[in-house]
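Visitor: Coordinates for the following, if possible.
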Amino acid sequence: ILVFICSQANAEWNKDWPGRNKISVDAAGIAEPIANAPVLVRLHSGNFDFTSVNIDGGDVRFVAADDKTELKFYIEKFDAVNELAIIWVHLPSVNAADKDAHFWLYSGNEAAVTTSDSKVVRDANIVANLHFAEKTLLTDSSGAVATGKITVQKAGLIGESAVFNDEPLTLAETPAISASAGFTWSAWIKPASLPQTASLFKQTDNFNLIIDAQKLTLTVADKVISGGELKPTVWQHVAFTINAGKAVLYINGAEVGTGDVEDAAATGSVDIGEAFLGELDELTIANTVRSASYIKFLVSSQGVDSALLNIAAGEGEEAEEEGEGEANYLKILIDSLTLDAKIVIGILAIMFVISVWVMWTKAMLVARTDKDNKKFLARFQKSSAGDLLELDKGAKYPHSNLYKLYLAGLREMKKRQHAGGYHEHAAQELE
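Guide: Next up, the predicted model:
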C-alpha cells in the first residue's frame, strides 16, 4: 500500500493542491535543445496515487521547475478505475545540458475543474495531429474531423490506437505540402504482417509514403527514396521530412534514407493507411522541417520503453533529498503512526531485546553446564571405589550440576562418618 502513497506535504505552488510528484527529465542522447516540446506523461498505479485524485483527473495540474509557472497540458486518457492516464504536457524546452531538469505534478483538489486543452500542446507549425483516443477517434487536436472506417484498439501504444483494415483515413483540406518550404510527417505504426504493400501517406500523386514489402519508400513526383526495414507486429516510429529539395526518411529516430527531390507541391485531401493492415497511432503533420534531434526526441519520449521522464512516487522535496527520486517508505510509515502506537511499538521493542538477552544467557548457561558435566562424568567413571570420596580434591567444575550433587552426597557421608556411621559402606552408598 505504501507504494501508492503520495505525500501530503504543504504544496509550494498552491496550498489547495496537497498532492505533489516530482517529474525528472533525462534528455541524454538528444543532441540539441528542443523548444516547445510536447512530452508524454504516463501515469499508472506504480508511480501515482489514483485514490487521491478526482475521478476524471480534473484536479491534475503541471507546474514548471520554479514551482510557480503553470504548464499547458492535454489529458488524452484518464481512467481512475483501472489506474492509467495518458497526458501531454507542453514544456518550453528540453535540453540535455540541464542535468536537474524537472517539473511538478499537482493533484488532490476536489473542487478543481480541468484545464486540459488539446489545442494548447500543439505548436503553430502543426497542421494535423490525431491521437486516436477512443472518444475522439477521428477528431484532430484542432477539432477537425477526419473520415474513414477505422476501428479502435484499446490496448494501443499511447492509450488507444487506430486499427486499419485496407481502407484509408481521409483528412480534408490539409494545407499544401511544399518541398521547398519544409514539411514533416510522423506516426507510430504496427503492421499486422509483413510483407505488405500499403500507403501510409498520400497527397495527390506527388507525395506518397509506402510500405513496399518490408521497406519504407517515399515518392516525390518521379523521385524515389527507399531505406530501412520494418518489422511485423511491433510498434515502430516512421517519419519523413522535406526541405529545400531534400527528403529524409526515418525509422525509430534513425535516418534510413535520403535524397534530392524536385520542388513539388500538392494541395487537397490526404489519405492515410490505404491498403494498410495494422495499427497506427500519434499521427502528426507539420508545415516545417523537424530536425533529426526532434525526430529522435519524439521516439525517446513516446515509446513504451521511454526513459525521458522519471515520476517520483512521493512528494517532490522528500524524493529530491533521497537523491534518486524515490519515496522513503519507512519514514512515511513511521510518520503515519499515532503516539500511542509508537509507545506500544517501543515497549514491544524493549521486550524483544530483553527476551533475546534472556534466551542468549540461558543458552550459554546450558552449554557451560553440559561441558562441566561431561568433564566430571569422565573423571567419575574412571575413578576406583577408593577414590570416589576424593573427587573433590583439585576439582574445577563450577557449572556442573552433577558435581554439585556429588558434593551434597559427599557432605552427607562425612556427616555420618563423623557421627559414627559405617565408613566401610560410604563409597558404596555414594556410588
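Visitor: Might you list the low-confidence residue ranges for this structure?
Guide: Counting by pLDDT under 70, the chain has low-confidence residues at 1-11, 173-180, 314-329, 420-431.
Visitor: Show me what the helix ranked longest in it packs onto, helices and strands only.
Guide: Taking DSSP state H as the criterion, the chain has its longest helix at helix 339-382. Helices and strands in packing contact with helix 339-382 are listed as helix 401-418; criterion 3 or more Cβ pairs under 8 Å, 6 or more residues apart in numbering; DSSP states H and E. Where you see a C-beta, it was placed from the backbone N, CA and C, and this is true even at glycine.
Visitor: Can I get the helix it packs on in PDB? Just the C-alpha atoms.
Guide: The C-alpha trace of helix 401-418 is given here as PDB (Å, rounded to 0.1, in the frame of the first residue of the first chain):
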ATOM      1  CA  ASN A 401      25.100 -29.600  38.500                       C
ATOM      2  CA  LEU A 402      26.200 -33.300  38.700                       C
ATOM      3  CA  TYR A 403      29.300 -32.300  40.600                       C
ATOM      4  CA  LYS A 404      27.200 -30.200  42.900                       C
ATOM      5  CA  LEU A 405      25.000 -33.200  43.500                       C
ATOM      6  CA  TYR A 406      28.100 -35.300  44.200                       C
ATOM      7  CA  LEU A 407      29.400 -32.700  46.800                       C
ATOM      8  CA  ALA A 408      26.000 -32.800  48.500                       C
ATOM      9  CA  GLY A 409      26.300 -36.600  48.800                       C
ATOM     10  CA  LEU A 410      29.900 -36.400  49.900                       C
ATOM     11  CA  ARG A 411      28.900 -34.000  52.700                       C
ATOM     12  CA  GLU A 412      26.300 -36.400  53.900                       C
ATOM     13  CA  MET A 413      28.700 -39.300  54.000                       C
ATOM     14  CA  LYS A 414      31.200 -37.200  56.000                       C
ATOM     15  CA  LYS A 415      28.400 -36.300  58.500                       C
ATOM     16  CA  ARG A 416      27.600 -39.900  59.000                       C
ATOM     17  CA  GLN A 417      31.300 -40.800  59.400                       C
ATOM     18  CA  HIS A 418      31.700 -38.100  62.000                       C
END
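Visitor: what helices or strands is it leaning on?
Guide: Judged by 3+ Cβ pairs under 8 Å, 6+ apart, the packing partners of helix 401-418 are helix 339-382, helix 426-430.
Visitor: by how many degrees do the longest helix of the chain and helix 401-418 diverge?
Guide: Angle, helix 339-382 to helix 401-418, by axes from the mean of the first three to the mean of the last three Cα atoms, to 10 degrees: 50 degrees.
Visitor: neighbours around the closest residue in space to Leu308 that isn't next to it in sequence, how many?
Guide: Leaving out its chain neighbours, the residue that sits closest to Leu308 by Cβ to Cβ, 6 or more residues apart in numbering is Ser301, at 4.6 Å. Close neighbours of Ser301, defined as other Cβ atoms under 10 Å, add up to 22.
Visitor: do the same with the one 3 residues further on
Guide: Under the neighbour criterion other Cβ under 10 Å, Val304 is assigned a count of 8.
Visitor: Could you do Ile126 as well?
Guide: Around Ile126 sit 19 other residues, with neighbours defined as other Cβ under 10 Å.
Visitor: Leu138 versus that one, what's the distance?
Guide: 17 Å (Cβ to Cβ, to the nearest Å).
Visitor: Now the helices and strands packed on helix 401-418 in CSV, please, with extra columns for distance to Ser193 and mean neighbour count.
Guide: CSV is the format used below for those (distance: least, Cβ to Cβ, whole Å; neighbours: other Cβ atoms under 10 Å):
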stretch, distance to Ser193, mean neighbour count
helix 339-382, 60, 11
helix 426-430, 99, 14
